[in-house]
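> Starting from these lines, generate the structure:
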Amino acid sequence: MMSAAETRPRNELIDARLVAFLPRLRRFCHGLAGNADQGDDLLQAAFERALSRIDQWQVGTNLENWVFRLASNINIDGARARRVRGVPVDIDEAYDLSGDDEVDRLEQRSELDAVRAALARLPVELRDVMAAVVLEEKSYRETADMLDIPIGTVMSRMSRARQFIESHVHRNPDARRSA
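Numbering: from 1, shown residues only. You can find the predicted model right below:
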C-alpha cells in the first residue's frame with residue numbers, strides 16, 4: 001500500500017510558494033532565535049521539515065502559517081533542550097570598536113546589547129508572539145491563527161513581552177543615564 005506522500009505528486013506550485021516564502025520565514029526565524037546564526041539554523045531545520053512532511057499539510061489551509069508553526073515548534077523544542085543542557089558561552093568574543101566617537105558607539109552598542117539580551121531571555125511563548133507581530137507585521141488575529149492560540153492570549157503575551165524588554169533594558173545603568 002502506498003503512503004499519502006507517495007500517491008501525492010510533488011506540486012511545483014507548492015515548492016514555488018515555499019521558496020518565495022523563504023525571506024519572510026528567515027526574518028521570523030531570526031526573531032525567534034534571537035540572532036542570525038541560530039536563526040539560520042532554525043530556518044534550515046524548519047524548511048527541511050516542511051519539505052519532508054509536506055504530505056502532512058492540509059490542502060486548503062494556509063501553507064505559510066503551517067511552516068511558521070513548524071519553525072515555532074522546532075524553536076520551542078530547542079529551547080527545552082538548551083534548558084536541560086545549558087547554553088555554551090564564548091568567553092573570548094570581543095567587539096571591534098574603532099572610530100571617532102567611541103563613547104557614542106559604546107553607548108549605542110550597550111543599548112543594542114541590552115535589547116538583544118532581553119530578546120534572548122524572553123520566554124519562548126512571548127518571543128513567538130513578538131516575532132510574528134513585530135517582525136512579520138502580522139495582526140493579532142493573524143498571529144492567533146498562525147500559533148493556534150486565542151487572540152486574548154496574543155494580546156496578553158505582547159503586553160508581557162513589551163514590559164519584559166522595557167524593564168530589562170532599563171535595568172542597564174547606562175540606559176537610565178541617557179534617558
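> The helix or strand that contains residue 162 packs against which elements?
Assigned by DSSP states H and E, residue 162 falls within helix 151-170. When contacts are defined as 3 or more CB pairs under 8 Å, 6 or more residues apart in numbering; DSSP states H and E, helix 151-170 packs onto helix 102-121, helix 124-130, helix 140-147. All C-beta spots, glycine's among them, are computed from the backbone N, C-alpha and C.
> Now do the same contact list for residue 139.
residue 133 (CB atoms under 8 Å, 6 or more residues apart in numbering).
> The nearest residue to residue 17 once chain neighbours are set aside and residue 163: what is the separation?
Leaving aside its sequence neighbours, residue 17 sits nearest to residue 63 (CB to CB, 6 or more residues apart in numbering; 5.8 Å). Taking CB to CB, to the nearest Å as the measure, residue 63 falls 34 Å from residue 163.
> Of these two, which one has the most company?
A direct count of neighbours by other CB atoms under 10 Å for residue 63 and residue 163 places residue 63 higher, at 17 against 11.
> Show the contacting residues for residue 32.
Neighbour list for residue 32: 39, 42, 71, 72, 75, 124, 127, 128, 131 [criterion: CB under 8 Å, 6+ apart].
> Surely the fourth one is in contact with residue 128?
Spelled out, that is residue 72. Yes. Counting by CB atoms under 8 Å, residue 72 touches residue 128, with 5.0 Å between them.
> So if I had to pick from those two, which one is more boxed in?
Using other CB under 10 Å, the more surrounded residue of residue 72 and residue 128 is residue 128, with 28 against 25.
> quick one: that one and residue 73 touch, right?
No. Counting by CB under 8 Å, residue 128 does not reach residue 73; the two are 9.6 Å apart.
> hang on, the earlier thing: would you tell me which of the helices and strands packed on helix 151-170 gets closest to residue 59?
helix 140-147 (17.2 Å; CB to CB).
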